[in-house]
Structures are given as C-alpha cells and as structure tokens.
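Q: What follows is a predicted structure for the sequence shown.
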2 protein chains.
Amino acid sequence: MAGDGVNGVRKAGKTYERIIEHLRGEISSRRLRPGDRLPPETDLARSLGVSRPTVREALKVLESQNVLSSSTGPTGGTFVEAIDGAGVAEYLKDSISLLLDVDELTLPELWQAREITDIPAAELAAARRTDQDVFVIEKTVDMDEHKEGVAIVSDISFHRAVAEASKNRMLSLFASSIHMTLRTLAERYIIPEDVLPEVKRISQQQHRLVFEAIANRDGATAAARMREHLQLSYGVYEQAMPRRWNCTPDF
Amino acid sequence: MAGDGVNGVRKAGKTYERIIEHLRGEISSRRLRPGDRLPPETDLARSLGVSRPTVREALKVLESQNVLSSSTGPTGGTFVEAIDGAGVAEYLKDSISLLLDVDELTLPELWQAREITDIPAAELAAARRTDQDVFVIEKTVDMDEHKEGVAIVSDISFHRAVAEASKNRMLSLFASSIHMTLRTLAERYIIPEDVLPEVKRISQQQHRLVFEAIANRDGATAAARMREHLQLSYGVYEQAMPRRWNCTPDF
DNA sequence: TAGAAGCATTTGTTTGACAAATTATCGTGG
DNA sequence: CCACGATAATTTGTCAAACAAATGCTTCTA
C-alpha cells in the first residue's frame, strides 16, 4: 500500500515531505556532508521504497532551497551544497522582492531595516576586523573609484565586505539579503544620469571615511559615517523608485 | 518535442523552473491573488503544454515556500496563500536551525543579531505604537504573569508584539525568524528547574518595564530596558545550551 | 429530518518509458 | 605516441496512463 514503509508501517504525512525531512536530517546530523553525491534518483527511490517522481518532488524542493544541486551526465547527479548563509540570502532576496511586488513591504521599511543592520555591522567590524578584512574592504573602495559609468548605489561589494568583517554571520545574512534586493531594484530603475556623477563621488568619499574608521578600530565613528552614507544613498533611491513604494508617513 | 511551447518555440531553462517563474510572475503582477484557486493539476498541465509530474515539481517547490497550498477533495485544490512575512519567517526559521546544526552559525551570533533587531524594534515601537498596540503588548505581559510552569524564555509573544508595533515589516520578519528559532531551541534544551522561577519573575518584570516605556512613547528608555532584558535572558540560554554553541570569543 | 452509503473531484503515488545532456571510452588517423 | 571524432554509458529531465487516498456532496433510506 502506498505510504507504507519497509515493515508495512504507515508513517505520518505525505511521502515527499517525509523524504525532505529525511534528507534534511541526514544533513543536520552530518551523515550527508557538503560535496557528497546522492545515489541516482532511481536508486534513491528504490532504497527509500518510493517511486522516482515522488523522490524528485523532494529533491526539487531541496534544490530550490539551495541545499542540493543536480546536473546530468556520468559525472553529474545530485550533490549536497555548502550549507551557509549565501544560499539562504539568495532565497531571502527572492522572497523580499515578492513582498515588495505585492505591497506587503515598502522601500522605506526595507531601507530602515538596512540602517538597522548596516550601522551595527560597521560598528562591529571596527571592533573585530582583521588585517585581512581591512585589505578586502579597501579593495572594494578602490574598485569603486576606478569603475566608470556604473551606478554606485548598486555597488554592494563594499557593504558586503563590511558585514563580513563584523564576524556575525546572522547579521551578514540579513544584510546580504537586503543588499541583493536593492541591487535588483537598482537594475530595474536606473538612476538619472545628471545626478549620478556627483552622487558617485560623494558615495565613494563616504565609503572611504567608513573604511578609515574601521581600519582605526573606531566603532563610534564608523557607525556615524555609515549612517551619513546611508542617508545620502536613500535620497537617491527615493528619487529613482516608483512613487508607490514611498508610502509610509514617518520615515 | 519536450520543452517546446505551444508555438514550437524552445524556451530557456528547465520546464519546471519556467513554471515556477511563471506562477511567481502571475502572483507578482497580481493576476493571481491570495485565496485564488488554481486549475486542477491535470488542467494546468494541459494548458501549459507539459505533463502533470512536471507541474507538480513546480507546485511542490512553491508550496515549500508557503506561496501555495494544496488539499484533496472536491473543495480542495491548489490555492494561492497570503503573501506576507509570516511564510518567509517560517522558512527562515528552518534555514537558521540548519545553519546552527552544521555549525555555520553560533548561538552568540544569533543572539547578537537578536539584540540588533529587538532593541531598535522597541525604540521604534515607542515612537509609532498605536493604542491598539499598547493593548496587545500589555496582554502578552499579563499572560506571562499568569502562566505557570512554562519557561519564560521560550515565550516570544511579547517580543513578537513589540516588533509588530515597530511598523517595520522587514524588521518584524527578521525578529520573528530569530524568535522562532530560539523557541525551537528552548523546546529542545529545557532550562534548569532551580533557576527558572527567579528568571521568570525578573523577566516578567522587565517585560513590563519595556512595555511602560513604549506606552509612554519613551524610545530611549524602551531601548535601554530591552537591552537589559536581553542580557539577562542570554545568560539563561547560555547555561542551558550545549557547550559547542558557545564558541565565539568576544561576545 | 437525520444519518449513512455511495459518488464525484482533486491531490498523492506508482510504473514504465523515452529524451536530453554530458562525460567516458575507444577506435582511427596523423 | 598523440590528437580527435564517433560512440556508448550514465544521469537527470519529461511524458504518459493509471490507480489510491482523501474529502465533500448527493442521494437514498429509516
């Protein structure tokens, strides 16, 4: 009978959901590790006592969650991905974009959340940064200065590097998801060309000021300068984005 | 030929991924709205020119993302869920738990992120609260006082209510995901009985102090008292949780 | 009218097959 | 011996048809 295990014992829930839970459990307990290759779908189905389409429903869900990946061919198959914040942030970005689309989230809310994450990130980075972090952050500042014609507000590598230097992966995940969402928005709605050069110049300058405070381990200054920088940047977003996103009164 | 559309035009990507994008697009553009019922899988498959198993792979992915839901029977089918932060927070909770399990995130990191979200949430709530918010928050404080035998640290309704009062749905989403994760942890690792009553008493008291500051629209005090409260609570978690999570040096 | 049996509808699952993509293999020619 | 191209093998991707299970509705009966 469908839904029965090897001993004929009916388990709770839908079969493909049990398979998802099973595989997640194998990863949680590290019996499955990043890079491991799962058996071919047909073997997996047989060993789990279910059909291949059912197994596939579970695999596709875990793929969408960036937990597994698959490819065809003899060296292909289904592999366990690295379990880290990057995959979650990627997923979160899509969810946030959808919330914006259906007006269950506004740009001011998103931007305020960015302030709430990015400012402490800068402060923490000043306290915890390594010399390697300083090197990486400065490189993103220099890169900005030599890049031409690209809207600086869509360049998130600096903020990403700062968040990484905070050594808090939860904070970094939240910040990344917001950064990626804003980049997607910036790609859709181009910043007016006339204000761009001036904005870019000031933004670069501010990036450098934040960087210097972090390099000097001056958390308070890093936070203050990050705040100034975000306030300028928000003005640019506010101008470029469609009116319907600017709908909360007190921000 | 497989992968061809109705006009014989091959589209890019895998079929089930195109279906996911299609349905997400229908929701983004509001041609599909929450509560809408999709055609039966077999009809949907026919109208998309694909097979039912392929449609199902897409539907199962969207179900796992809390975008769709399904049930059997004549009044059942596949329905568009409410697109809001709740579904995303639910998903995020599971992802955070997995990151903790595989040591790609530590409890101190998670807790620090909680401070970074919950303290501004309290400050914002003081500025933006409505009378209705005050009513709701006070009810959670009173509930705590009358509840017996439950670890107060696992009771997140107060913090949820504060985050809601902040009127920032992005912040509320982040906070909810952390709260839910911590509740799951608290359910797994019971707080020692001997310290519980005292912790509970103090925690209740602190909840009330935060509440009063929010009711008085005193943001600075609300933030300060929330900080004190979280510092106490963290000590309890730190004692109860397995040693392996306490592994960052400077927190 | 109330309850129970049967019916219709929809998702859940199975089986089997073929298509497409990709790499390994092997033979052939230089 | 090496390069290279055709071929075979492996794995995921897709399709087809059917039956099982769940659920609400209808209808028949007491």
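A: The structure has been received and is ready for your questions.
Q: Correct me if wrong: residue A:165 contacts residue A:137.
A: Yes: counting by CB atoms under 8 Å, residue A:165 touches residue A:137, with 6.4 Å between them. Every C-beta, even on glycine, is put in place using the N, C-alpha and C of the backbone.
Q: shared neighbours of these two, which are they?
A: Common neighbours of residue A:165 and residue A:137, using CB atoms under 8 Å, 6 or more residues apart in numbering or on different chains, are A:125, A:129, A:214.
Q: Torsion angles phi and psi at the first one?
A: Yep, that's residue A:125 we're talking about. Dihedral angles of residue A:125 (phi, psi; degrees, to the nearest 10) stand at phi -60, psi -40.
Q: which residues sit in contact with it?
A: A:133, A:137, A:162-163, A:165-166, A:214, A:222.
Q: want to throw those into CSV with distance to DNA strand C and neighbour count?
A: Formatted as CSV, the contacts of residue A:125 follow (distance: CB to the nearest atom of the strand, whole Å; neighbours: other CB atoms under 10 Å in any protein chain shown):
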residue, distance to DNA strand C, neighbour count
A:133, 36, 19
A:137, 36, 25
A:162, 37, 28
A:163, 34, 27
A:165, 36, 24
A:166, 38, 28
A:214, 42, 30
A:222, 45, 28
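Q: Tell me the secondary structure at the residue in the stretch 151-251 of chain A that chain B sits nearest to.
A: Among the residues of the stretch 151-251 of chain A, residue A:170 lies closest to chain B, at 3.7 Å counting by CB to the nearest CB. Using DSSP: H, G, I helix; E, B strand; the rest coil, the structure places residue A:170 in helix.
Q: Point me to the helix or strand that includes the closest residue in space to it that isn't next to it in sequence.
A: With CB to CB, 6 or more residues apart in numbering or on different chains as the measure, residue B:113 is the residue that lies nearest to residue A:170, at 3.7 Å, once sequence neighbours are left out. Here residue B:113 is covered by helix B:107-128, with elements defined by DSSP states H and E.
Q: Same question for residue A:12.
A: Counting by DSSP H and E, residue A:12 is part of no helix or strand.
Q: Return the distance of the residue nearest to it when sequence neighbours are not counted relative to chain B.
A: Spatially, and ignoring its direct neighbours in sequence, residue A:12 is nearest to residue A:18 (7.9 Å; CB to CB, 6+ apart). In this view, residue A:18 and chain B are 13 Å apart by CB to the nearest CB, to the nearest Å.
Q: after the one helix or strand residue A:18 maps to comes which helix or strand?
A: Assigning secondary structure by DSSP H and E places residue A:18 in helix A:15-28. In the C-terminal direction, the helix or strand that comes right after helix A:15-28 (DSSP H and E) is helix A:41-48.
Q: Is that next one in proximity to DNA strand D?
A: Yes: judged by CB under 7 Å from any atom of the strand, helix A:41-48 and DNA strand D are in contact via A:41-42.
Q: Remind me what that helix packs against, helices and strands.
A: helix A:52-64 (3 or more CB pairs under 8 Å, 6 or more residues apart in numbering or on different chains; DSSP states H and E).
Q: Now the very next helix or strand once past the helix holding residue B:113: buried residues?
A: Where DSSP H and E defines the elements, the next helix or strand beyond helix B:107-128 is helix B:131-146. Buried residues in helix B:131-146, counted by 16 or more other CB atoms under 10 Å in any protein chain shown: B:133-134, B:136-138, B:140-141, B:144.
Q: wait, what's in contact with residue A:132?
A: Counted by CB under 8 Å, 6+ apart, residue A:132 has zero contacts.
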